[in-house]
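1. For reference, the sequence and a predicted model appear below.
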Amino acid sequence: MTPDLIQSLFTRPDGQFLCARWARPVAPVVFGTDDATLATVKGAIEALARIARLPTAETDPELGANFMLFFFRDWAELTGVPDLDRVIPDLAPLCARLADQGANQYRVFRFDEAGAIRAVFTFLRMDEHLAEMPAADLALVQAAEAMLTWGEGAFFKIAPLARTPEGDIFLRPDLATLIRVAYDPALPASASDPSHALRLAARLAAAEGGTNA
């Protein structure tokens, strides 16, 4: 990964750069799945947290759960979720807009005073495209997308998953390493200067070369 590619992965449509990470244990909760899928999703979140060396927890002392993932069939279903409109402002018009756009996913981050990720809310409308994905693949991608504040379409620029000849799925190694180095304690929990991509690239190259940055 070049510095320019890394910079593009964290650049928003308005041109602003933002790379923020979690600075607290992740406490996930999943809605709208069966027990088997629930175990798969939580397993993927725990796997990504291990890559980032980020603790997981049963509860967040402030929010109860700070990583909420919703599976559903129609955007209108969200308007009936109790108290969701308290954490997602203008929920009804947002759902109407997403339905008009034919969107199948939406993600909202919340940040603490230092700019680190405080919570993330991920909404997945299980249309034909998402329903065709194996649960393990979908869970791994969603967990990876929640670890950092990727720019819109980042995972269209790089395919997040790879597969062994035997068919086993895994997070592509350079992306896993990028997530890990982004959690380097020597780096800030949130950076809005594009030069941060240079620091990530240097650490990524050192990690892949087996040296310390």
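-> It's in.

2. helices or strands next to the lengthiest helix in the chain in the packing?
-> Criterion DSSP state H: the longest helix present in the chain is helix 35-52. When contacts are defined as 3 or more C-beta pairs under 8 Å, 6 or more residues apart in numbering; DSSP states H and E, helix 35-52 sits against strand 28-31, strand 67-72, helix 135-147, strand 169-171, helix 173-182. For every residue, glycine as well, the C-beta is placed using N, CA and C.

3. Pull the contacting residues for the residue nearest the centre of the chain.
-> With distances taken as C-alpha atoms, centre = their mean, the residue of the chain nearest its centroid is residue 146 (1.6 Å). Residue 146 makes contact with 45, 48, 67, 107, 120, 122, according to C-beta atoms under 8 Å, 6 or more residues apart in numbering.

4. Distance from stretch 46-53 to the middle of the chain?
-> 12 Å (C-alpha atoms, centre = their mean, to the nearest Å).

5. what do you get for stretch 141-160?
-> 6 Å.

6. end to end, how far does that stretch reach?
-> Taking C-alpha to C-alpha, to the nearest Å as the measure, stretch 141-160 stretches 7 Å from start to finish.

7. For the residue nearest to residue 20 when sequence neighbours are not counted, give me phi and psi.
-> Closest residue in space to residue 20, ignoring its immediate chain neighbours: residue 190 at 4.0 Å, by C-beta to C-beta, 6 or more residues apart in numbering. Note on residue 190: backbone dihedrals following degrees, to the nearest 10 are phi -150, psi 130.

8. measure residue 190 to residue 129 for me?
-> Applying C-beta to C-beta, to the nearest Å, the value for residue 190 to residue 129 is 32 Å.
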